[in-house]
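K.L.:
based on what follows, work out the 3D shape:
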Amino acid sequence: MHRLKDRMWRLNNLYSITDKQGRIRRFRMNWAQRRFMAALWYRNIILKARQLGFTTLMCLVALDMCLFNKNVRAGIIAHNKDDAKAFFRDKIKFAYRELPEVFRHAVPVATENANELLFSNNSSIRVATSFRGGTIHFLHVSEYGKICAKLPDRAKEIRTGAFEAVPEYGILSIESTAEGQTGDFFERCKRSQDLAKSGRELGRLDYRFNFYPWFEHPEYQTDPNHALILPQHDEYFERLEKTLGITLSKAQRAWYAAKEADQQEDMKREYPSTPEEAFEAAVEGAYYSRQFATIRDRRQIARVPYDPALPVYTAWDLGMSDSTAIWFIQPLMDREFRVIDFYENSGEGLEHYVAELNRKPYVYAGHYAPHDIRVRELGTGKSRLETARKLGLRFDISPDIPVQDGINAVRNLLPKCWFDETRTDQGVKCLEAYRKDWDERNGCWRNQPVHDWTSHGADAFRYFAVGYKPRRSGAGMQTRCEN
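P.N.:
Predicted coordinates for the structure are as follows:
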């Protein structure tokens, strides 16, 4: 009877699950789950490879807390309604029904509805896509990175509502695969990593960072005779072993190569080797995911210095009341495009951006702008094209073609591009995260881009891709914008 006081014993001996083969079996923690529970903190971030079962584990932890404690409020947040129903039905209710009758008799269900169980001890567990109001003593959020990427309004609701409902002494766990280098999940991971590196003792409101790379999974191995390992795989494995101080077996290498052939550009997001690699991987629904996977593999984001012997072209997206973005690009015989700089700001007039161009040491050969620069503003009766000319800036107008055609032009251009790793960092993030809009109601991607912080940088690059025409040597070149 004394074993029932031990939560780890209860989790490994009382609860049942349905395994991947559809068989009912007793739940046993795997290597990653054991490690996580051994380090469980008040606030927890989990960056993971797929198929590690953290949502299953946390559903059982929540159920266990409710059954063995009075007046507990536990919640699970899923990233969509279908997952919420499945978690509630297949993980929580199923585990409760499969308990020995003595436990169900001791703590019976007092009230049940579509997404909540209230027990006779006044503890309850609820599964939903968000929470707001009340106190939640235990909260687990599944695939928070996907929520941040696809549904930023829901992410904000979870951040300001559900997270705030967990008291300092409560337990909050946030789990996800990565979805690009933006959003609340990325920011929380970064802060928790920095905190771990600092060596400072964690406070109750600090997040403990947990990362589980693919190569630590004992099952991620296969027969080396059944996988094609290419030279780029060997180069990647050797770099990984040297950087991390690990040794990968032939069976592990074979598994990775076989899995990558299936996952392609999604491999590093779904099965990362390092946290940095996970967040560099493609955002789901991103337009340029394959191109940037190739760019990163070829090390085309590096130090790209300005070459005074080559002219600079700029490409603009001019915001009326929001951001203006500018790319600075040096073509080399149309075989190579050196993307040397990026600038974005908001709330400024054209005078500010012309001054920014003049501040830089570049020699300009042309400036590309969208077709709507010709539109006359109601307040002045003048177009921004006319205003720019008065400031000494002469724009070439990029053709007005369908957005999808422009996206295809960018896809064709990107393999020829080299990006400066420092000066274009924010612009690269815009391009990598530029994605289709998500239709939550129908659960699919719309055939149009989402308008968010990525739009201006991505649109400006698109105007260059469709508008660029090489100039003959020395024609129209200028160091400054002149009146």
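K.L.:
so how far is the helix or strand harbouring Glu187 from its chain's centroid?
P.N.:
Using DSSP states H and E, Glu187 sits within helix 184-198. Its chain's C-alpha centre and that of helix 184-198 lie 14 Å apart, by CA atoms, centre = their mean, to the nearest Å.
K.L.:
the following helix or strand past it pairs with which strands, parallel or anti?
P.N.:
From helix 184-198 onward toward the C-terminus, using DSSP H and E, the following helix or strand is strand 207-212. Strand 207-212 pairs in its sheet with strand 43-48 (parallel), by DSSP bridges.
K.L.:
now the angle between strand 43-48 and the helix or strand just after the strand it pairs with, please.
P.N.:
Remark: after strand 43-48, the chain's next helix or strand is helix 54-67, criterion DSSP H and E. Computed by axes from the mean of the first three to the mean of the last three CA atoms, to 10 degrees, the angle separating helix 54-67 from strand 43-48 equals 150 degrees.
K.L.:
what is helix 54-67 packed up against?
P.N.:
Contact partners of helix 54-67 among helices and strands, from 3 or more CB pairs under 8 Å, 6 or more residues apart in numbering; DSSP states H and E: helix 7-13, helix 31-38, strand 73-77, helix 94-97, strand 116-119, strand 124-128, strand 138-142, strand 171-176. The C-beta positions use only the backbone N, C-alpha and C, and glycine is treated the same way.
K.L.:
so which of these comes closest to Cys148?
P.N.:
For these, proximity to Cys148 was assessed by CB to CB; strand 171-176 is nearest, at 8.3 Å.
K.L.:
helices and strands around the closest one, which ones?
P.N.:
strand 43-48, helix 54-67, strand 138-142, helix 144-150, helix 184-198.
K.L.:
give me that answer again for 6 Å
P.N.:
strand 43-48, strand 138-142, helix 144-150 (3 or more CB pairs under 6 Å, 6 or more residues apart in numbering; DSSP states H and E).
K.L.:
out of these, which gets the lowest mean score?
P.N.:
Looking at those, the lowest mean pLDDT belongs to helix 144-150 (a mean of 89).
K.L.:
what pLDDT does Ala227 get?
P.N.:
84.
K.L.:
dihedrals phi and psi, it?
P.N.:
phi -140, psi 150 (degrees, to the nearest 10).
K.L.:
check this structure and tell me which residue is nearest its centre.
P.N.:
Central residue of the chain (CA atoms, centre = their mean): Glu179, 1.6 Å from the mean position.
K.L.:
show me how the protein divides into domains.
P.N.:
Following automatic domain parsing, one finds the domains of the chain at 2-212, 219-281, 301-467.
K.L.:
now the ones you listed in JSON lines, with distance to Ser289?
P.N.:
Shown next, in JSON lines, are those (distance: least, CB to CB, whole Å):
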{"stretch": "domain 2-212", "distance to Ser289": "10"}
{"stretch": "domain 219-281", "distance to Ser289": "5"}
{"stretch": "domain 301-467", "distance to Ser289": "8"}
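K.L.:
which secondary structure state is assigned to the residue nearest to Gln300 when sequence neighbours are not counted?
P.N.:
Taking CB to CB, 6 or more residues apart in numbering as the measure, Gln300 lies nearest to Trp418, with 5.0 Å between them; neighbours along the chain are not counted. Classification of Trp418 using DSSP: H, G, I helix; E, B strand; the rest coil returns strand.
K.L.:
can you verify my assumption that Trp418 contacts Ile301?
P.N.:
No. Trp418 is beyond contact range of Ile301, at 7.8 Å (criterion: CB atoms under 6 Å).
K.L.:
where are the low-confidence patches of the stretch 251-400 of the chain?
P.N.:
281-282, 320-321, 376-381 (pLDDT under 70).
K.L.:
let me know how buried Ser173 is, in neighbour terms.
P.N.:
28 (other CB atoms under 10 Å).
K.L.:
make that Ser198, sorry
P.N.:
If we define neighbours as other CB under 10 Å, then Ser198 has 8 of them.
K.L.:
all helices for the stretch 251-400 of the chain, in order.
P.N.:
With DSSP state H, counting those that start in this stretch as the criterion, the stretch 251-400 of the chain has helices at 267-270, 275-280, 289-297, 350-359, 384-390.
K.L.:
contacts for the second one, please.
P.N.:
Helix 275-280 is contacted by residues Leu47, Ala178, Gln181, Phe186, Phe211, Lys268, Pro272 when judged by CB atoms under 6 Å, 6 or more residues apart in numbering.
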